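1. Structure for this input, please:
(one chain, ligands or ions: 2)
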Amino acid sequence: MNLPTINELSKEIANLISAGEVVERPSSVVKELVENAIDANASIIKVELINSGIKKINVLDNGFGMTKDQIPVAIKPHATSKIKTSKDLFNIATLGFRGEALPSIQSVSKMRISSCTDGVNGYFYQYKSSDLVDEGVTSMPIGTKVEVENLFFNTPARLKHLSTESVELSHITTLINRIALANPTIQFILINNNKLIYQTDGSGDIISLMGQTYGLDVAKSLIKFENKNDLYHIKGYTTTNNVYRSNKNYINIIINNRIIRNLNILFAVTDAYKSIIPVGKYPITILEIECDPSLIDVNVHPTKLEIRFTDELILREMITSTIGKALYHTELVYEAKEKDIKKEIPVIDENPYVTVIKEDEPEIIKEESIETLWDEFDEGNVFPDLEDAEDNFDDDEEYDDDENDEDDDNAFELEIETKVEVQKVEFQESIFDTLTYIGQYHKTYLLFDGGAELYLIDQHAAMERCMYEKIRKSFEKESNQSYELLVPIKLEFSVSEIPLINEKEHELNKLGIKFEPFGGTTIIVREIPLWIPKNLEIEFINDIINHLINNQNVSKSVMYESLAKKLSCKKSIKANTSILDSEVNELLNNLKQCQMPYTCPHGRPTLVKISTYEIEKIFKRVI
Ligand SMILES: Nc1ncnc2c1ncn2[C@@H]1O[C@H](COP(=O)(O)OP(=O)(O)OP(=O)(O)O)[C@@H](O)[C@H]1O
Ligand SMILES: [Mg+2]
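-> Ligands and ions are numbered 1, 2, ... in the order given. The predicted model follows:
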């Protein structure tokens, strides 16, 4: 057999190979060029596209520029001004460092780089793939302009994979939105086919930037959070539980001005919203993490979107508890507006795309683009397994009260027990104390006069919240108060379940359930916890035991959380049931004592207010 000869690949082929990883679509080019501009200390970055970048991408900046001699060096593979030694690789303070973006882009396009460092000696080089086709002096201010034309002209397979222009534009718009949020003091301008698509003012004001990016409703509902430990400083803004979206694309994670994706950090944010926001809904968040660059490893993937953190679990806990505290200290009564009453659903779920500064009619962005945002951001689905896990985690949770709410797929989450420590907050009392009961409507809603507002309580949701918190608290106790049953309960299980139950004896004892085998497939329960409602003893004990033995693989906190949700729903008064005034009083009192009285454990509002002004608008008393 003839042994194959080992050849060194030519520079061109090596560039094409790394282009395959770095340049997937027009937005990847924009990302690399904009990041270069940020690294060059630009304060204004303008991105001009023709046909959503498929035909042409120009990125202009007012950064420090490059000299005539440096430009040809910049397009060489592994040429970078950002790191020098291997030590620098573990202390990266710039967005780029791999020295492969420009040669990669150059190898799959017709590229022209013009740059100037003094406002006088501007110079340009023009390439067609790796061939230099033109060069010369050019007059331009200090900064750099990179023009990329006919992307993928020499790689037809890539070209064929591009989506429609509107989808490609949505990828770029989302990307610039995120980069702008990470760099609020830089002014960004995005233009497509001579139309202004998005612009920021570079003022550094995050709230107005969030407004410019996600709309006024979002900006108005933002709450601030901040915390630090020895390693990390976290800060940012996140929406209250009244404004949310159906996907996670609005959770922006930024570390040292770099936008990243990290599933565990994302979970840390969404964990803070558990039982506050409906299942399958996500907040709009900007989370900034600052730390010493040596604590993170950016060199995980060519796109530099994935990061490894030192002490990630501690960071994750800090994020969940900080955002949780901020939420629990905010009045989260859902405020119904006339437009919601017309729409009937209190869910704000508009198109995610930016405040478009319109010159003409805005382009209609197709549904498919919304779905693909993270895919694009992912650029190659770096952690497909985790992605799958995450999807399961989302989809299988039931929104229906009475249905199975097992949360089995939460097993994929890292086993961490993050508790949001909450103190009672004064304003909660004040709301409940101002309410005067008017009556029950539709045998489901309790109406209250709150002075300037009409309040509606969903009796089932409110009762569920009270019961849920009671059960959660009892689960957290070291030992539960129990009482001995006058008539012990006999419960039947299968032969295979009996050993599993015996294995859980200690845990069941801790919960206040004392039992002993009764021979065969029967156990006899002699003591049960005090909190179990009368007449529901058998059902509750059965549920608890079954839940414990069937959720062996999930973390305790996840298991208890789903059990509490399930049990709370059983006990709570259903809709379509009359309620006595004394029961209303008791419910209101119990709700007032809750740590989170504003939502049911599934995240739906318990309490909704409609201002007199909104009511007057309905009656056309005011305009
Ligand atoms: N807009 C710009 N202004 C000034 N210098 C630039 C600009 N773009 C690129 N450069 C110079 O060219 C070099 C090569 O850029 P390139 O993007 O290929 O690599 P990098 O940014 O160093 O690393 P990475 O591949 O991770 O992006 C940079 O290190 C920088 O010195
Ligand atoms: Mg770069």
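2. Low-confidence regions, the protein specifically.
-> Filtered on pLDDT under 70, the chain yields the residue ranges 18, 337-430, 478-479, 553-554, 571-575.
3. need the residues of it near ligand 2, please.
-> With CB under 5 Å from the ion as the criterion, the chain comes near ligand 2 at residues Asn36, Gly96, Ala101. The way it works is simple: take the backbone N, C-alpha and C, and place the C-beta from them, glycine included.
4. Quick check: of these, which has the highest neighbour count?
-> Each of those was scored by neighbour count (other CB atoms under 10 Å); the top score is that of Ala101, with 26 neighbours.
5. Just give me the neighbour total for the nearest residue to that residue once chain neighbours are set aside.
-> Using CB to CB, 6 or more residues apart in numbering and skipping the chain neighbours, the partner closest in space to Ala101 is Glu32 (3.8 Å). Burial of Glu32 is recorded as 25 neighbouring residues (other CB under 10 Å).
6. Relative to ligand 1, which residue of the stretch 501-623 of the chain is the closest?
-> Using CB to the nearest ligand atom, the point where the stretch 501-623 of the chain gets nearest to ligand 1 is Ser555, with a distance of 37.5 Å.
7. now the chain
-> For the chain, CB to the nearest ligand atom, closest residue to ligand 1: Gly96, 2.4 Å.
8. host element of that residue?
-> With secondary structure defined by DSSP states H and E, Gly96 is part of neither a helix nor a strand.
9. Show me the chain divided up by domain.
-> As given by automatic domain parsing, the domain ranges for the chain are 11-199, 206-389, 426-610.
10. is it fair to say the residue nearest to Ala101 lies in a helix?
-> Yes. The secondary structure assignment for Glu32 places it in a helix, going by DSSP: H, G, I helix; E, B strand; the rest coil.
11. Quick test: name the residue nearest the centre of this structure.
-> In the chain, the C-alpha closest to the average C-alpha coordinate belongs to Ile251, at a distance of 3.3 Å (CA atoms, centre = their mean).
12. Now do the contacts for that residue.
-> Listed by CB atoms under 8 Å, 6 or more residues apart in numbering, the contact set of Ile251 reads Leu266, Val269, Thr270, Tyr282, Pro283, Ile284, Thr285, Leu287.
13. Report the separation between Val29 and Ile307.
-> Taking CB to CB, to the nearest Å as the measure, Val29 and Ile307 are separated by 22 Å.
14. neighbour-wise, which of these two wins?
-> Neighbours of Val29 and Ile307, each counted by other CB under 10 Å, are more numerous for Val29; the result is 26 against 22.
15. isn't that one right next to Glu35, touching?
-> No. Using CB atoms under 8 Å, Val29 makes no contact with Glu35, being 10.9 Å away.
16. how many neighbours does Leu607 have?
-> Counted with other CB under 10 Å, residues neighbouring Leu607 total 25.
17. heads up, I number from 360, so please use that
-> Let's use 360 as the start, then, which means that last one is Leu966.
18. want to throw the domains of the chain into JSON lines with distance to Phe978?
-> As requested, the domains of the chain are arranged in JSON lines below (distance: least, CB to CB, whole Å):
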{"stretch": "domain 370-558", "distance to Phe978": "40"}
{"stretch": "domain 565-748", "distance to Phe978": "11"}
{"stretch": "domain 785-969", "distance to Phe978": "12"}
